[in-house]
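Trainee: Kindly return the folded structure for what I paste below:
(chains A and B)
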Amino acid sequence: MKTNRRKFLKTSAATAAGFQIVPRHVIGGQGHTPPSETYGAALIGCGGRGPGTYEGMVRGLPTQLVAACDVQKTRVEGFARRKNPKAKTYNDFRRLLENPDVDLVAIATPPHWHALISIAAAEAGKDVLCEKPMTRFIAEGRAVVEAFERYKRIFQIGTFGRFGASKSSTSRTIHKIMRSGLLKPNPGVHIKKGGLKLHNWSGKPGLKPQTPSADLDWDLYCGPSPFKPYVSPRVGGTHRNYWDYEGGGLCDMGQHHFDPQQWIYGKDDTSPVTIEAFAPPSHPDVTGMWAWVELTYADGFTFVMDSTEWGPRYERKASKQVSLSQLSEANQAKIKAMPDPEPLLSFAEAVKQRKPAGGHPEAAHRAACILHLANLAIRLGRKLQYDPVKEQFVGDEEANRFINVPMRSPWHL
Amino acid sequence: MDIQPYLDPFPLPAKRGILSDINKETTEKALAEAMKNPATVAGELVKHLLDPGAEGNDIQARHLLHTMAVRIADYGRKAKGNQRAEFSIALTKSLSGNLPDRVKAFVIRQVQLCGGEEVVPAIGAFLTVGGIADDASQALLAINKGSADQFRNALPKVKKDIMLYRNVLHGLAELADKASRKSFLEALDHKDGEVQLLGLWGLTQLADATTLDAFLAADGRQKGFARVKAASFCLQLAEKLPKEKAAGIYRHLQKTRTAPQEKYLQELVAAAL
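Mentor: Got it, this is the predicted structure:
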């Protein structure tokens, strides 16, 4: 039976008698997208940002919520009740991914689950919109890139600043200059002052263990991360304050701030080579204070995070924008003759056209790497040399242990 | 040894319970002093650690011990000494004492950051201990060198405890341990679904074409999400094997993934063939 989207909506509204989704694999599939198609959509991680992430995913697509999942029963039931009481609810994302009615998955769990669920969704043939930050550590990002390449699925990271940035003519010119490689050495310095929420997302150490509420599956919440005694701030927005799940305000806000800049400065396929921070010793469990981080790419271009919330302000370099005037006349002419970069596709456009979204896995991974590298310079207390091709630190075996953090059984990349 | 002067500069929770009153200069100075006798300080610091549920606080001790663990290797490189190994051995020696399990787990997590081959046997001993085996496993995987022996030795001792068994098999698969080929094959017939998947993953990691028949037979028995995961292992294995063997895997998928919701796999396999 084929379901016409208009008829489907009319029937749903008139009778409120539930709904029937005919999944994409039955009526369409890759390269065969009928205009009447309705996508079965799902949300994994229904608290906090979850509903917003879901709305971001379905924007511009004919969808119906068919499934939702959360390790906390009250959360998933609350979301489904508000959005579609007929949607199936799950405690375990693996059961949701078995559901053949699901085509699209929004992931809004804490970041220690982002990579594994993204990969599993691709393996199950679903397209994904995943909240930022994309990952908890660097090797996870590479695994996500490989999985989405293998399965030819669509992935979009849940930050959208690059779409606006790519429409500005100044940004496009900078992008072309950077991609041309004509500016050597590259004098560009982009400094982000503040906005990384140190105090908001710093953790409280030494809390006494509590008993988790009966509706929370604490073991599944911890998942690939170390199984630790439960304390309430580990769940909810304050999960950001624990290294086990995220990386403080730097990881929470960093992908918003640096993902658009990474596009503008043409660094979607590489990472910084030296990273240095001014920070006090970092606590083993909770995120805390730092003053600044300087990340320099192989061509000399530099990103700086100046926290403005603790310690001295960054003073090593001044902000410097890349511009045509820094090139010879001949090279300026070359830039002007270059075609503009391809417009970035939204998630909806990417799903319909089966082409990579603007926030595709490689770009999202490289943006997440900026955050992880910054946090590692803060945590390790030393200047780091990084090989952006091998995705390993150079001559620092102990630092590399933070690149691919072993997971708790049975989870693995 | 009185280590209190090293601890004092490390902050206690300030406003809102966070460590915002930390001073870089004084903490770094205390750290530098502690690093002059890292092994001795490590042993003393462990005595200050408390079970998370116990009265009192060990925030400063955990903070200093962790900072030493993340910096000791670099410190040793600069000083051209063997401080890293001495520090790690001191930490693992403390594990033989009567410490609460969660304290042992914390110490093992610090060894995960700095330990080398010298501490592998001491950590390996915990692979058979429920509640700490996870921590030991992850520390061994991070250290890597020499760890496979520990997992292999532990395997026969944990077969009756499904959680410990999964943990050890997981470690062997992660390490792509060639000597565990037989253990991965055995796992394919285990009654526990997670163990079967770990067996498939282990064989995928080995990319040994001689196990292909058993691998594909086990793939054919998987249901639900395990079937999805097994298909992924098939594709990953095909990428690692010679073209002819890979084609056999693709044909197997073509023949077995015929449900409507598996159309995406049919498309992938058709493109690969």
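
Trainee: Residue A:291 and residue A:312 touch, don't they?
Mentor: Yes - taking contacts as Cβ atoms under 8 Å, residue A:291 lies within contact range of residue A:312: 5.5 Å. Glycine gets a C-beta too; all of them are placed from N, C-alpha and C.

Trainee: Which residue of the two possesses the greater neighbour count?
Mentor: residue A:291 (21 against 10; other Cβ atoms under 10 Å in any protein chain shown).

Trainee: Next, count neighbours for the residue nearest to the more buried one when sequence neighbours are not counted.
Mentor: Closest residue in space to residue A:291, ignoring its immediate chain neighbours: residue A:311 at 3.1 Å, by Cβ to Cβ, 6 or more residues apart in numbering or on different chains. Neighbour count for residue A:311, taken as other Cβ under 10 Å: 17.

Trainee: Residue B:80 too?
Mentor: As a burial measure, residue B:80 scores 7 neighbours (other Cβ under 10 Å).

Trainee: hmm, the helix or strand where residue B:136 lies touching chain A?
Mentor: When elements are defined using DSSP states H and E, residue B:136 is found to belong to helix B:133-143. Yes - using Cβ under 8 Å from any Cβ of the partner chain, helix B:133-143 reaches chain A at B:134, B:135, B:137, B:138, B:141, B:142.

Trainee: Now tabulate those in CSV and tack on pLDDT and neighbour count.
Mentor: As requested, those are exported to CSV (pLDDT from 0 to 100; neighbours: other Cβ atoms under 10 Å in any protein chain shown):
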residue, pLDDT, neighbour count
B:134, 97, 24
B:135, 98, 25
B:137, 98, 29
B:138, 98, 26
B:141, 98, 22
B:142, 98, 21
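
Trainee: between the residues you listed, which is closest to residue A:192?
Mentor: Nearest to residue A:192 out of the residues of helix B:133-143 next to chain A is residue B:142 (Cβ to Cβ; 31.6 Å).

Trainee: What residues does that closest one make contact with?
Mentor: Neighbour list for residue B:142: A:401, A:405, A:406, B:112, B:113 [criterion: Cβ atoms under 8 Å, 6 or more residues apart in numbering or on different chains].

Trainee: at 7 Å instead, please
Mentor: Applying Cβ atoms under 7 Å, 6 or more residues apart in numbering or on different chains, we find residue B:142 in contact with A:401, A:406, B:112.

Trainee: Take the residues you listed and keep only those in helices.
Mentor: Counting by DSSP state H, those place residue B:112 in helices.

Trainee: Can you give me the buried ones in the longest helix along chain B?
Mentor: For chain B, the helix with the greatest residue count under DSSP H is helix B:59-79. By neighbour count on 16 or more other Cβ atoms under 10 Å in any protein chain shown, the buried set for helix B:59-79 is B:59-76.

Trainee: swap in stretch B:236-247?
Mentor: Quick answer for stretch B:236-247 (16+ other Cβ under 10 Å): B:236, B:237, B:238, B:241, B:246.

Trainee: Quick one, grab the pLDDT at residue 2.
Mentor: With no chain named, the answer covers chain A. Per-residue confidence (pLDDT) for residue A:2: 36.

Trainee: sorry, should have said chain B
Mentor: 94.

Trainee: Then the one 4 residues further on?
Mentor: Here the pLDDT value assigned to residue B:6 is 98.

Trainee: Next, it: phi, psi?
Mentor: Torsion angles at residue B:6 (phi, psi; degrees, to the nearest 10) stand at phi -80, psi -30.

Trainee: so how far is residue A:216 from residue A:73?
Mentor: 8 Å (Cβ to Cβ, to the nearest Å).

Trainee: what's the answer for residue B:182, then?
Mentor: Residue B:182 is 40 Å from residue A:216, by Cβ to Cβ.

Trainee: These two - which one has more neighbours?
Mentor: residue A:216 (19 against 9).

Trainee: I'd assumed residue A:71 was in contact with that one.
Mentor: Yes - counting by Cβ atoms under 7 Å, residue A:71 is a contact partner of residue A:216 at 6.3 Å.

Trainee: In the stretch 151-300 of chain A, where is pLDDT below threshold?
Mentor: By pLDDT under 70, the stretch 151-300 of chain A contains no weakly predicted segment.

Trainee: rewinding a little: could you name every residue contacting both of residue A:291 and residue A:312?
Mentor: residue A:278.

Trainee: Name the nearest residue to residue B:54, sequence neighbours excluded.
Mentor: The shortest distance from residue B:54 to any non-neighbouring residue, by Cβ to Cβ, 6+ apart, is to residue B:100 (7.7 Å).

Trainee: where does the residue lying closest to residue A:324 once chain neighbours are set aside fall, phi/psi-wise?
Mentor: Excluding the flanking residues, the one nearest residue A:324 by Cβ to Cβ, 6+ apart is residue A:332, at 5.0 Å. Torsion angles at residue A:332 (phi, psi; degrees, to the nearest 10) stand at phi -60, psi -40.

Trainee: What's the local residue count around residue A:332?
Mentor: Neighbours of residue A:332 using other Cβ under 10 Å come to 16.

Trainee: and what of the one 5 residues further on?
Mentor: Other residues lying near residue A:337 total 8 when counted by other Cβ under 10 Å.

Trainee: and what of residue B:56?
Mentor: Number of residues near residue B:56 (other Cβ under 10 Å) recorded here: 8.

Trainee: Now residue 187. Nearest residue, chain neighbours left out?
Mentor: No chain specified, so I'll use chain A. Using Cβ to Cβ, 6+ apart, the nearest residue to residue A:187 is residue A:320, at 5.4 Å.

Trainee: I was thinking of chain B, sorry if that wasn't clear
Mentor: Distance criterion Cβ to Cβ, 6+ apart; nearest residue to residue B:187, sequence neighbours excluded, is residue B:199 at 2.9 Å.

Trainee: Return the distance of the one you found relative to residue A:368.
Mentor: Plainly put, residue B:199 is 32 Å away from residue A:368 if you go by Cβ to Cβ.

Trainee: When these two are compared, which one has more neighbours?
Mentor: Neighbours per residue (other Cβ under 10 Å) separate residue B:199 from residue A:368, with residue A:368 holding more: 31 against 26.

Trainee: so who does that one touch?
Mentor: Residue A:368 makes contact with A:133, A:134, A:135, A:141, A:255 under the criterion Cβ under 7 Å, 6+ apart.
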